[in-house]
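> Pasting the sequence and the predicted coordinates here, then a few questions.
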Amino acid sequence: MAKQYIYLLALLKVIASCVGDDTMGFTSINDENSSSDAVATVPDPTLAPTTSASPTETCYRIEIGLIFDEYPGETRWEITKGRRNTIDNPDTAVVLKTSPYYDPNNGYEEASETHIICLPQGKYTFTIMDRNKDGICCDNGEGRYALTYQPTGEIITHGSEFEQYESVSFVIPYETPPLRDSDGDGIEDRTKNIIPPMILTDDGIPLSNCENEFGLHLETDDYGVETTWELRERSTTDKYQDGKVVASGGPYTSDFTYDVEYCLYPGKYTFVFYDWQCDGLIGKELTGSYTLKVNGKDVHTGGTDMTEYWEEVKLDFTKEQPDAATRSSSSSQIGMSITAVFSVVIISVIASM
Ligand SMILES: [Ca+2]
Ligand SMILES: [Ca+2]
């Protein structure tokens, strides 16, 4: 049981937090404004990449994505062998890997950080700690962490608000558990995302020929932890914040391609794409983008030209879903290409927090 992990990558990106700024901007869909990315490269002396003593052992990459608040010196994380963390089990937990506290003088303040570690098969516990016992959000900046499994892009856990520590146990290779909402609040337990309910026919079976299919094709950069999105019903006020969230996603693993499809009820929606560092899917080594689809047809590509915390795209899905009787008697509808009426307007405004 020598070194069973490999430190493959440690990437730090420093950008002053844009969240909470209150200036406003407007960008039309055809604007060619290029974002002015002030990505500073800061050497990371404490977590330099190293290689395993046994590099031939099969291992599976997990990513620890971090966005620090204004006090990175309070934050560290560790991975322990087995289903225990050292805080509750100081004498028995085996520390596999631990980070130092992050020195604010090394550029970690409100910065994004990505670590990729390769773990062999086994049981592990990830714990994130805050020595001021106030987590990494939201009194002094808005931090976030995400533990993701790179082979499938799945979220193992993510969070931001905690006290002294937060811990999760997982098994490698990681098998995605079924989606669950144990307290019925509409938020999925593990991903903390909103998964829209399936549209059912009159017979209670999932609709097979969706007339209003929302699609998202997402290619993440090397800071997947920065990326989240929401699909909201459009409110009469036209402010996206006033519309109910019907679906959401992220944060993500880095350098991964995701395809999401949901069947929606007819209506007007707003897709809101968030980038915590306000620089879009422009990473240190990789550039990503997202493409929205309406019934399989690409209608908008974005995420590459951001200078604000979020951008929004308006989507109208106006086809009425046929009822079960119509559908069962009309097999010709299957495979028919029905394009929903859609309009796309992109507006970038800094969120007022
Ligand atoms: Ca703290
Ligand atoms: Ca970004």
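On my side now, so go ahead. Ligands and ions are numbered 1, 2, ... in the order given.
> chain center to stretch 140-159, what's the gap?
With C-alpha atoms, centre = their mean, to the nearest Å as the basis, stretch 140-159 stands 7 Å off its chain's centre.
> Likewise for stretch 103-121?
Its chain's C-alpha centre and that of stretch 103-121 lie 17 Å apart, by C-alpha atoms, centre = their mean.
> And for stretch 84-91?
Worked out by C-alpha atoms, centre = their mean, stretch 84-91 lies 29 Å from the chain centre.
> Tell me the buried residues in that stretch?
Neighbour-count burial for stretch 84-91 flags R84, N85, T86 (criterion: 16 or more other C-beta atoms under 10 Å). For glycine as for every other residue, the C-beta is placed from the backbone atoms N, C-alpha and C.
> Which one of those residues is nearest to ligand 2?
Nearest to ligand 2, judged by C-beta to the ion, of the buried residues of stretch 84-91 is N85 at 30.0 Å.
> so what's the closest one closest to, chain neighbours aside?
Distances taken as C-beta to C-beta, 6 or more residues apart in numbering place T127 nearest to N85, at 4.1 Å, with adjacent residues excluded.
> List the contacts of that neighbour.
T127 sits next to W77, E78, I79, T80, N85, T86, I87, Y165, E166, S167 when contact means C-beta atoms under 8 Å, 6 or more residues apart in numbering.
> need these in CSV with secondary structure, can you?
Listed next are those as CSV, based on DSSP: H, G, I helix; E, B strand; the rest coil:
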residue, secondary structure
W77, strand
E78, strand
I79, strand
T80, strand
N85, coil
T86, coil
I87, coil
Y165, strand
E166, strand
S167, strand
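> Relative to Y60, how far out is I117?
10 Å (C-beta to C-beta, to the nearest Å).
> Looking at those two, which one has more neighbours?
I117 (21 against 17; other C-beta atoms under 10 Å).
> hmm, back to that, which among the buried residues of stretch 84-91 gets closest to ligand 1?
N85 (17.9 Å).
> I figured that closest one hits T125, correct?
Yes. With contacts counted by C-beta atoms under 8 Å, N85 reaches T125, the gap being 5.1 Å.
> Tell me the residues that contact both of these two, please.
With C-beta under 8 Å, 6+ apart as the test, N85 and T125 both reach A93, S167.
> show me the contacts for whichever residue of the stretch 251-353 of the chain sits closest to ligand 1.
Per C-beta to the ion, W276 is where the stretch 251-353 of the chain lies closest to ligand 1, at 16.9 Å. Residues in contact with W276, defined by C-beta under 8 Å, 6+ apart, are S17, V19, I67, S112, E142, R144, V225, E226, T227, T228, Y309.
> can you check S167 too?
Taking C-beta under 8 Å, 6+ apart as the test, what S167 contacts is N85, I87, D88, T125, F126, T127, I128.
> Return the backbone torsion pair for the fifth one.
Phi and psi for F126, reported as degrees, to the nearest 10, are phi -100, psi 130.
> Tell me the pLDDT of S332.
pLDDT recorded at S332 is 26.
> Assign a three-state SS to the closest residue to G243 other than its chain neighbours, would you?
Using C-beta to C-beta, 6+ apart and skipping residues adjacent in sequence, the residue nearest G243 is R232, 3.7 Å away. Judged by three-state DSSP, the three-state class of R232 is strand.
> Any residue of stretch 275-291 touching ligand 2?
Yes. Stretch 275-291 reaches ligand 2 (C-beta under 5 Å from the ion) through D275, Q277, D279.
> now that we have those, which one has the most neighbours?
Neighbour max across the residues of stretch 275-291 next to ligand 2 (other C-beta under 10 Å) = Q277, 27 neighbours.
> pretty sure that one is touching C18, no?
Yes. Contact between Q277 and C18 holds when scored by C-beta under 8 Å: they sit 6.7 Å apart.
> Quick check: closest non-adjacent residue to the residue nearest the centre of the chain.
Against the mean C-alpha coordinate of the chain, by C-alpha atoms, centre = their mean, the closest residue is P251 at 1.3 Å. In space, and not counting its chain neighbours, P251 is closest to A146: 4.2 Å by C-beta to C-beta, 6+ apart.
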